[in-house]
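Colleague: here are the coordinates; sequence isn't available:
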């Protein structure tokens, strides 16, 4: 039997919800139902009341304390700043694309920015849904989207038949992002995605990796290419010394968004 059959006044419920919020910062609708043993409709009415009174803010699927709104704003500010970094990296990479190039463009938000900037006559192969959406509206692009199963989290397509197409193509240039730049190469979050990049870069005349500086301190699970398989790193800041020395040893050119090359 639900406690709602022995009514608790809404004011009492709201106080209990706020007490839990003080220790947990956020609560989902399901959390509130479980804590007070109430229905979803009752939890929804309580959430609306707390939000109307300014005691909480709505989040996806629940509520949070008002100060969490500042954390959300700070996150959005950081995301916007990161978008600026990606745009600057993409704009720095743009002059390295020549009219008539056959290019591979990988799954990466930075490479997507590059796709949005390019206005030349090109042939582009990609397994990225977002790249394809951007390039489909450009009449000068001969666009080829590799097919297969769609991976929702990373927004790319993959199957063995699609990957095998790469064995019959020579790319003038390949443009890749990175989940992490580690001591022995460029790493990615998804095994199938890493395999596509490995095959494409092995069929490319020149390989460009576009990555912001935070990628120097991250880790990821799947190596896509060794440093010996890339030619140019375009980034927005100096790599740390331990990576810089490895990049130099492999003859990789480092191009900074400020226009400097190393």
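Modeller: Done, it's in. Please read these numbers as outputs of a predicted model, since none were measured by experiment.

Colleague: ok, the spatially most central residue of the chain to residue 220 distance?
Modeller: Compute the mean C-alpha point of the chain, and by CA atoms, centre = their mean the closest residue is residue 109, 5.7 Å away. Look at residue 109 and residue 220: by CB to CB, to the nearest Å, they are 15 Å apart. For the C-beta atoms, the positions are set from N, CA and C on the backbone; glycine is no exception.

Colleague: what's the answer for residue 84, then?
Modeller: Using CB to CB, residue 84 is found at 23 Å from residue 220.

Colleague: Residue 17 now?
Modeller: 39 Å.

Colleague: For these two, work out which one has more neighbours and name it.
Modeller: residue 17 (22 against 18; other CB atoms under 10 Å).

Colleague: so who does the more buried one touch?
Modeller: Residue 17 is in contact with 27, 32, 35-36, 46, 50, 56, 63, counting by CB atoms under 8 Å, 6 or more residues apart in numbering.

Colleague: Mind checking which of these are in helices?
Modeller: Counting by DSSP state H, the part of the contacts of residue 17 found in helices is 32, 35-36, 46, 50.

Colleague: Let me see the contact set for residue 159.
Modeller: Applying CB under 8 Å, 6+ apart, the residues near residue 159 are 147-149.

Colleague: Over to residue 100?
Modeller: Here residue 100 is in contact with 120-122 (CB under 8 Å, 6+ apart).

Colleague: Compare those and tell me which is most surrounded.
Modeller: When neighbours are counted by other CB under 10 Å, residue 122 leads the contacts of residue 100 with 23 neighbours.

Colleague: isn't that residue right up against residue 144?
Modeller: No: the pair residue 122 and residue 144 fails to qualify as a contact (CB atoms under 8 Å) at a distance of 11.0 Å.
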